[in-house]
Structure formats: structure tokens, C-alpha cells
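In: I need the structure of the sequence given here:
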Amino acid sequence: MAKLSVPEVQSRHCESYQVAVELLGKRWNGAIVAVLLPGPLRYHQLAMAVPGVSERLLSERLKELEAAGVVGRSILPGPPVGVEYELTEAGRELARPIEAIGDWARQWIETGRIRPGAGRR
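Out: Take a look at the predicted model:
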């Protein structure tokens with residue numbers, strides 16, 4: 001196998017790729033996107049669907065994903081007034097990558113062939 005030149009290596013890990021990985025790799029963001037794939041949810045439904053996330057952190061992550069253009073927020077008429085979150089077109093385009101990561105996790109992590117956190121101090 002031929003060695004890649006520095007520009008070839010850099011082009012494979014371009015800036016936009018790194019931004020995407022950091023956005024989705026930030027704790028809870030991938031899970032939020034995954035639970036919104038089937039359709040819109042109210043805040044309390046999201047909180048129940050993503051176990052372990054605090055309300056403060058869920059709010060923060062939803063604001064980040066909304067600012068990035070991945071999640072949209074709608075005010076529902078009341079009473080009581082409610083808020084619903086759903087994926088934007090860009091967010092829905094993440095379905096295949098999110099599903100692929102899930103498949104990979106089942107194959108490698110759930111079978112114990114990859115051990116996340118191994119080697120951490």
C-alpha cells in the first residue's frame with residue numbers, strides 16, 4: 001500500500017469533517033439526534049428518551065444543535081403552551097450515519113471486541 005502525502009492526509013481529514021465529528025461527538029448530541037429521528041418530541045419526552053442527561057445540559061445541547069441548524073424548535077399553542085423539537089433537513093440527513101454508528105457499536109462494543117475507555121487513567 002502506497003504512503004499518502006501530507007496534502008492527501010489533510011484532505012481526508014478536512015476542517016468540515018472535524019467540525020461535524022466534534023458537533024455529533026459532543027456528549028449527548030448524538031443521542032439527541034438519534035431520538036429525534038422518528039419525529040418531533042416535546043422537551044419532557046426528550047428528557048425521558050435520553051436517560052442520564054440533566055435538564056440543564058439537555059437545554060444547553062438543544063440550543064447548540066439549534067444554533068448549528070440541526071434541530072428546529074417550535075412553540076405549540078396552548079394552553080398550556082409547549083415547545084417541540086424536531087430535526088431540520090440537515091438533521092434528518094444524519095439518519096444514515098447515526099444508524100451506521102449504531103450498527104458499528106452493536107458489532108464491536110456490545111460484543112466486547114472494542115472496549116471504550118480502555119487505557120484511560
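In: May I ask which helix or strand of the chain has the lowest mean pLDDT?
Out: The helix or strand of the chain with the poorest confidence is helix 6-12; it has a mean of 64 (mean pLDDT, DSSP states H and E).
In: Do you have the helices of the protein handy? List them.
Out: With DSSP state H as the definition, the chain shows helices at residue ranges 6-12, 15-25, 29-36, 43-49, 55-68, 89-92, 95-104.
In: Can you tell me which of those helices is most buried?
Out: helix 29-36 (a mean of 20; mean count of other CB atoms under 10 Å). C-betas here are computed from N, CA, C, even on glycine.
In: For residue 74, the count of nearby residues, please.
Out: The local packing of residue 74 (other CB atoms under 10 Å) involves 10 other residues.
In: Can you give me every residue that contacts it?
Out: 40, 83, 84, 85, 86 (CB atoms under 8 Å, 6 or more residues apart in numbering).
In: which of these are buried?
Out: The neighbour-count test (16 or more other CB atoms under 10 Å) marks 40, 84, 85 as buried among the contacts of residue 74.
In: between those, which is closest to residue 28?
Out: residue 85 (13.2 Å; CB to CB).
In: pLDDT score for that closest one?
Out: Per-residue pLDDT puts residue 85 at 98.
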